[in-house]
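Q: need a structure here:
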Amino acid sequence: MKLFEPPSCSSAASTLVLIGRNRRGEWVACEQHGLFGGLFINRAQAIKYALFENGHHPEAIVELPRDVEIDILSPGPQHACPIGHAQVQHAA
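A: Got it, this is the predicted structure:
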């Protein structure tokens with residue numbers, strides 16, 4: 001008998017990607033721990049990137065209703081995209 005891991009526990013599904021706008025109105029997509037991320041011209045491109053990076057798991061994309069900043073100058077992933085305490089809504 002072969003055992004399968006439930007989808008919610010798989011490594012791809014656990015890669016939470018946050019999207020939202022920064023203070024300048026640009027769209028940001030970033031992995032919750034800052035492992036990857038980028039700036040985009042629109043929401044559709046941010047979601048497309050997030051889906052590509054997280055293995056096409058729309059349930060693991062969260063749109064934040066507040067400013068999302070990505071810090072590419074600070075060393076280490078801990079500075080890249082903090083979650084903070086915000087209400088979230090699924091983007092896809």
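
Q: can you give me the helices for the protein?
A: Ranges of helices in the chain, per DSSP state H, are 43-53.

Q: shaky segments in it?
A: Scanning the chain for pLDDT under 70 picks out 1-14, 72-92.

Q: Gly20: neighbouring residues, count only.
A: Gly20 is flanked by 22 other residues according to other C-beta atoms under 10 Å. Yep, even glycine has a C-beta here, placed from its N, CA and C like the rest.

Q: what does Leu18 give?
A: 24.

Q: With Asn42 as the reference, measure out to it.
A: Taking C-beta to C-beta, to the nearest Å as the measure, Leu18 falls 16 Å from Asn42.

Q: Over to Arg66?
A: 19 Å.

Q: for Thr15, same thing?
A: In terms of C-beta to C-beta, Thr15 sits 22 Å off from Asn42.

Q: So between these two, which is more surrounded?
A: Thr15 (19 against 10).

Q: I figured the more buried one hits Phe52, correct?
A: No - under the criterion of C-beta atoms under 8 Å, Thr15 makes no contact with Phe52, lying 11.3 Å away.

Q: Strands of the protein, residue ranges please.
A: 17-21, 27-31, 37-40, 61-63, 89-90 (DSSP state E).

Q: Throw those strands into a markdown table and include distance to Ala46, thanks.
A: Below are the strands of the chain laid out as a markdown table (distance: least, C-beta to C-beta, whole Å):
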| stretch | distance to Ala46 |
| --- | --- |
| strand 17-21 | 5 |
| strand 27-31 | 4 |
| strand 37-40 | 4 |
| strand 61-63 | 9 |
| strand 89-90 | 14 |
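
Q: thought Asn54 was touching Ala60?
A: Yes - at 5.2 Å, Asn54 counts as touching Ala60 under the criterion of C-beta under 8 Å.

Q: what about His56, how many neighbours?
A: Residues near His56, counting by other C-beta under 10 Å, number 11.

Q: what's the burial count for the nearest residue to Glu53 once chain neighbours are set aside?
A: Once flanking residues are discounted, Glu53 sits nearest to Phe36: 5.5 Å by C-beta to C-beta, 6 or more residues apart in numbering. Residues within reach of Phe36, counting by other C-beta under 10 Å, total 17.
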